[in-house]
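# this is a predicted model, with the sequence first.
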Amino acid sequence: MEPVILDGRKTSASIRTDLKNRVAKLIADGRPAPVLATILVGDDPASATYVRMKGKACDDVGMGSERIALPASTTTADLLRVIDDLNANPSINGILLQHPVPGQIDERMAFDRILPGKDVDGVTSAGFGQISMGMEAYPSCTPAGIIRLLDEYHIPLSGKHAVVVGRSPILGKPMAMLLLGRDCTVTICHSRTQNLPAVVRTADIVVAACGKPNFIQGDWLKEGVVLIDAGYNPGNVGDAHYDSCYPRSAYITPVPGGVGPMTITMLLLHTVVSAERRAQK
Ligand code: NAP
């Protein structure tokens, strides 16, 4: 049977329509539009593009965005001061620090300076800890988008064996915690995992998040697997080899158009939720 394509573009568009309505309702109730602050340090062109895309996505749903661009020579102390100001500013509902920052900055310290209530990108250690404990927090956006996509297609998670290939702080680890929170049995693989194909073959759900183009092969997969490819590499290819994985899968995400569009949508969603919570205070 042909696999079902998990359409991140379509799912994203329908969530954004809902967000537009929620933003309009806040404004109709006399509240300000939600505002996302983005911080870009340095002049990495890819990071600049991502920040621009996030600002445009805010505009598209009627939200505001405040773009802060800092020079490549910014110190950790400078950056912490900027984050403190945004934390204290009541008109800012969410803060996004674009990753990666220049090497002289203590990135972990900077992420962890963001107040939990404004950590809409889900990057703080505290937020990760809370998510891991099944507590309320904004999860990291890409794993949150993957869970939302699985839910939109009513894919059962409880009791399934999920294999996550990758253990980065923004993707693999929080992904594993969210799947565990949904009662999956989770295996986390990484660059030292031995006999990866055999481990992947035991999975009902595979999340490819290793940053290696076309890495996961179709003959590693159990027939009827749910294959989520979080990878995004030059040439528009994912971390799984789509053509060989397609015939083995019951559900599969395309690259592009699968996980990618969900990530920014989750960032918008978390910022709107943050503004709605503020409005209730
Ligand atoms: P990362 O920080 O480079 O982490 C890669 C992970 O993969 C590491 O844990 C690494 O293991 C593991 N790995 C590397 N080689 C491996 C191998 N041969 N076998 C098994 N595991 C291996 O990457 P990331 O930021 O998590 O991103 C992963 C992918 O997702 C990339 O393709 C990236 O472009 C994509 N991404 C997409 C979005 C989106 O919005 N769609 C967002 C973020 C990332 P070690 O820990 O042992 O080094």
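Everything's here; your move. Numbers count the residues shown, from 1 in each chain.

# residues of the stretch 151-281 of the chain that sit close to the ligand?
Selection of the stretch 151-281 of the chain residues close to the ligand by C-beta under 6 Å from any ligand atom yields 165-168, 170-172, 189-193, 196, 209-212, 230-233, 239, 259-260, 263. In short, each C-beta sits where N, CA and C put it, glycine included.

# let's see that with 5 Å instead.
Contact residues of the stretch 151-281 of the chain with respect to the ligand, defined by C-beta under 5 Å from any ligand atom, are listed as 166-168, 171, 190-191, 209-211, 230-232, 259-260, 263.

# which ones among these are found in helices?
259-260, 263 (DSSP state H).

# run through who's touching the host helix or strand of Ile83.
Using DSSP states H and E, Ile83 sits in helix 76-88. With C-beta atoms under 8 Å, 6 or more residues apart in numbering as the test, helix 76-88 has contacts from 37, 39, 41, 68, 70, 92, 95, 97, 101, 104-106, 109-110, 113-115, 118.

# repeat for stretch 23-31
Under C-beta under 8 Å, 6+ apart, the answer for stretch 23-31 is 32-34, 61-63, 272, 275-276, 279.

# again with stretch 45-61
So stretch 45-61 is contacted by 16, 19-20, 23, 36, 38, 40, 64-65, 67, 96, 98-100, 264-265, 267-268, 271-272 (C-beta under 8 Å, 6+ apart).

# residue in the stretch 1-150 of the chain nearest to the ligand?
Thr142 (4.2 Å; C-beta to the nearest ligand atom).

# show me the shaky parts of the stretch 101-250 of the chain.
By pLDDT under 70, the stretch 101-250 of the chain has no low-scoring segment.

# show me where it has helices.
Remark: helices assigned in the stretch 101-250 of the chain by DSSP state H, counting those that start in this stretch are 107-113, 125-132, 141-152, 172-181, 196-200, 242-245.

# so Thr49: helix, strand or coil?
helix (DSSP: H, G, I helix; E, B strand; the rest coil).

# which positions within the helix holding Ile83 qualify as buried?
For helix 76-88, burial by neighbour count (16 or more other C-beta atoms under 10 Å) applies to 79-80, 82-83, 86.

# mind listing the strands for the chain?
For the chain, the strands defined by DSSP state E occupy 4-5, 35-41, 64-70, 94-97, 161-165, 185-189, 205-208, 225-229, 249-252.

# how far out from the middle of the chain is the fifth one?
Centre-to-centre, strand 161-165 and its host chain are 17 Å apart (C-alpha atoms, centre = their mean, to the nearest Å).

# between it and helix 141-152, how many degrees?
Interaxial angle, strand 161-165 versus helix 141-152 (axes from the mean of the first three to the mean of the last three C-alpha atoms, to 10 degrees): 150 degrees.

# what's in contact with strand 161-165?
Taking C-beta under 8 Å, 6+ apart as the rule, strand 161-165 contacts 172, 175-176, 179, 184-190, 196, 199-200, 202-210, 215-216, 239.

# how about the strands of the chain in TSV, adding mean neighbour count?
What follows is the strands of the chain, written out as TSV (neighbours: other C-beta atoms under 10 Å):
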stretch	mean neighbour count
strand 4-5	14
strand 35-41	23
strand 64-70	17
strand 94-97	26
strand 161-165	26
strand 185-189	19
strand 205-208	28
strand 225-229	27
strand 249-252	21
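
# could those be laid out in a markdown table, adding distance to Leu149?
Formatted as a markdown table, the strands of the chain follow (distance: least, C-beta to C-beta, whole Å):
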| stretch | distance to Leu149 |
| --- | --- |
| strand 4-5 | 11 |
| strand 35-41 | 22 |
| strand 64-70 | 24 |
| strand 94-97 | 21 |
| strand 161-165 | 14 |
| strand 185-189 | 18 |
| strand 205-208 | 11 |
| strand 225-229 | 8 |
| strand 249-252 | 9 |
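
# which residues touch the closest residue to Lys222 other than its chain neighbours?
Leaving aside its sequence neighbours, Lys222 sits nearest to Arg201 (C-beta to C-beta, 6 or more residues apart in numbering; 5.6 Å). Residues in contact with Arg201 (C-beta under 8 Å, 6+ apart) are 220-222.

# grab the nearest non-local neighbour of Gly258.
Gly8 (4.5 Å).

# ok, now how distant is that neighbour from Ala198?
Remark: distance between Gly8 and Ala198 (C-beta to C-beta, to the nearest Å) = 29 Å.
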